[in-house]
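Visitor: Give the three-dimensional model of this entry:
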Amino acid sequence: MKPGKTGIARIIDAGGYSWLGLKAAYQHEAAFRQELLLTIILLPMAIWLGESGLESALMIGSLFVVLIAEILNSAIEAVVDRFGPEQHELAGRAKDMGSAAVFLALANVVIVWILVLVF
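Guide: Numbers count the residues shown, from 1 in each chain. Sure, this is the predicted structure:
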C-alpha cells in the first residue's frame, strides 16, 4: 500500500482531482464541451419525457456514459501524445479505440432514447 492520506482526507483529495479532470476536459476538449451542451439540453427533456423514474434514469444515464467515454478518450489521447508526435501502430490503435468507445456511447444514447420514447 502506498503511503498517503486516508479516510475523509483521501476522499476530499480525490474529489479535488476529479474536479481538476472535469475542468481540464472542459478547457481543452471541444468534443467534451459539445457533448456537455448536448447533456445540458437533453437532461431536462429526459426528466420531462420519461414516463417513470426508470425511463428518465435510463435516458440520463446514457448521456453520462458519453461524457465518461469522452473523458477516458481524452485521457488516452493525452497519454499517447505525451510520448511524442511520431506515428506508432499501437498509439494509433489506442486513439482509434478511444474514439470507438465515444461512438458506441453516442449510439447507445440514440438506441436508449428511441426505445424509451417509441416503444
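Visitor: Past the helix or strand harbouring Tyr26, which element shows up next along the chain?
Guide: Element membership for Tyr26, per DSSP states H and E: helix 7-28. Following helix 7-28 in sequence order, the next helix or strand is helix 30-49 (DSSP H and E).
Visitor: what residues does that following helix touch?
Guide: Helix 30-49 is contacted by residues 25-26, 55-56, 59-60, 63-64, 66-67, 70-71, 74, 102, 116-117 when judged by Cβ atoms under 8 Å, 6 or more residues apart in numbering. C-beta coordinates here come from the backbone N, C-alpha and C atoms, glycine included.
Visitor: Could you rerun that using 10 Å?
Guide: With Cβ atoms under 10 Å, 6 or more residues apart in numbering as the test, helix 30-49 has contacts from 22, 24-27, 29, 53, 55-64, 66-67, 69-71, 73-74, 99, 102, 105-106, 109, 112-113, 116-117.
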